[in-house]
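**Q** For reference, the sequence and a predicted model appear below.
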Amino acid sequence: MTRSLSTILREAGGLEYRRITAATHPTLLVLLCHGYGAPGTDLVPIGEELIQASSRVAEEVVFLFPEAPLSLGGFPGFEQRAWWQIDIAALELALARGEARDRKGECPRELDDLRPRLSAILDRERQIEGEDTTLPMDRVIVGGFSQGAMLTTDFVLRSETAPGGLALLSGTLLCEDVWREAAPRAKGVRILQSHGRQDPLLPFFAAEELRSILAGAGADVRFVPFEGQHEIPLPVFVALRDLLHASLGE
């Protein structure tokens, strides 16, 4: 059965975001951030497919898709965005040499500005419209792909109150010293972490190192490696659906 979706463009914290749902009485918020160079709508089809694929998701989940603040150009309908700039020349050189680029020493200064912006979106959406109800943070899942996964990992590790779940799709380890020290804040958080074994942009070994940090701090990590590159294949979509079902109490 094809379900009717409500799609609304909103703004909070200086960020535009799309709110997509079929739910009338939401019990779970899922915020997903796109990767570097993608449009703000890049992950919207995943939310739409999850709603169509699961009656529980359709009945209870609201999806939020923020648009990164930096424009990288593009064309109408496909404006490339970024959460922060990256060194494209260094990336291209590493790719040309076949070298895996380890980023664990990088800690973009923009992260300090982006965390409260995501919080502003969640604060607005946790207030359930038409009801005197505020969803607690354990009824929130944040996540994203690539740069969006890095951003939301930082958000979870440096927020005073961690959300209930994190979907870390083809991300990597940044801010190593800070994240290691903050990792205990993720204790008990359900984490889906996926990564392609042949990822040419963000090396697989760095994903394994991040998994070790999170799991070692007590997070409930499900690691989903796959034979592929920088992508979201079907097994990862299924694992994301499973994360939502677990958070809904199934």
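**A** Nice, thanks for sending it over.
**Q** Residues contacting the longest helix along the chain, please?
**A** Secondary structure of the chain per DSSP state H: the longest helix is helix 111-126. If you take CB atoms under 8 Å, 6 or more residues apart in numbering as the criterion, helix 111-126 is touched by 10, 12-15, 17, 19, 29, 31, 33, 62, 64, 66, 69, 83-84, 134-137, 139-140, 142, 151-152, 154-155, 158-159, 163, 175. Glycine gets a C-beta too; all of them are placed from N, C-alpha and C.
**Q** If we use 6 Å, what do you get?
**A** For helix 111-126, contacts defined as CB atoms under 6 Å, 6 or more residues apart in numbering pick out 12-15, 17, 29, 134-135, 151, 154-155.
**Q** With stretch 82-101 instead?
**A** With CB under 6 Å, 6+ apart as the test, stretch 82-101 has contacts from 36, 68, 70, 72, 108, 110, 147, 151, 203.
**Q** Among those residues, which ones are in helices?
**A** Taking DSSP H as the definition of helices, these contribute 147, 151.
**Q** Which of the contacts of stretch 82-101 has the largest number of neighbours?
**A** Counting neighbours by other CB atoms under 10 Å, Leu151 comes out on top of the contacts of stretch 82-101 with 29 neighbours.
**Q** wait, isn't that one in contact with His34?
**A** No - using CB atoms under 6 Å, Leu151 is not in contact with His34, being 9.9 Å away.
**Q** quick one: the strands in the chain?
**A** For the chain, strands defined by DSSP state E occupy the ranges 6-12, 15-21, 28-33, 61-66, 70-75, 78-82, 127-128, 133-134, 140-145, 165-169, 190-196, 220-226.
**Q** Export these as a markdown table, with columns for mean pLDDT and distance to Arg211.
**A** What follows is the strands of the chain, written out as a markdown table (pLDDT from 0 to 100; distance: least, CB to CB, whole Å):
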| stretch | mean pLDDT | distance to Arg211 |
| --- | --- | --- |
| strand 6-12 | 94 | 31 |
| strand 15-21 | 97 | 28 |
| strand 28-33 | 98 | 20 |
| strand 61-66 | 98 | 25 |
| strand 70-75 | 87 | 29 |
| strand 78-82 | 91 | 25 |
| strand 127-128 | 85 | 34 |
| strand 133-134 | 86 | 32 |
| strand 140-145 | 98 | 15 |
| strand 165-169 | 98 | 9 |
| strand 190-196 | 98 | 6 |
| strand 220-226 | 98 | 5 |
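**Q** mind listing what's buried in the lowest-mean-pLDDT helix or strand in the chain?
**A** In the chain, no helix or strand scores lower on mean pLDDT, DSSP states H and E than helix 88-97, which sits at a mean of 76. Judged by neighbour count (16 or more other CB atoms under 10 Å), helix 88-97 contains these buried residues: Ala94.
**Q** out of everything not next to it in sequence, what's closest to Pro26?
**A** Among residues not flanking Pro26 along the chain, Val62 sits closest, at 4.6 Å (CB to CB, 6 or more residues apart in numbering).
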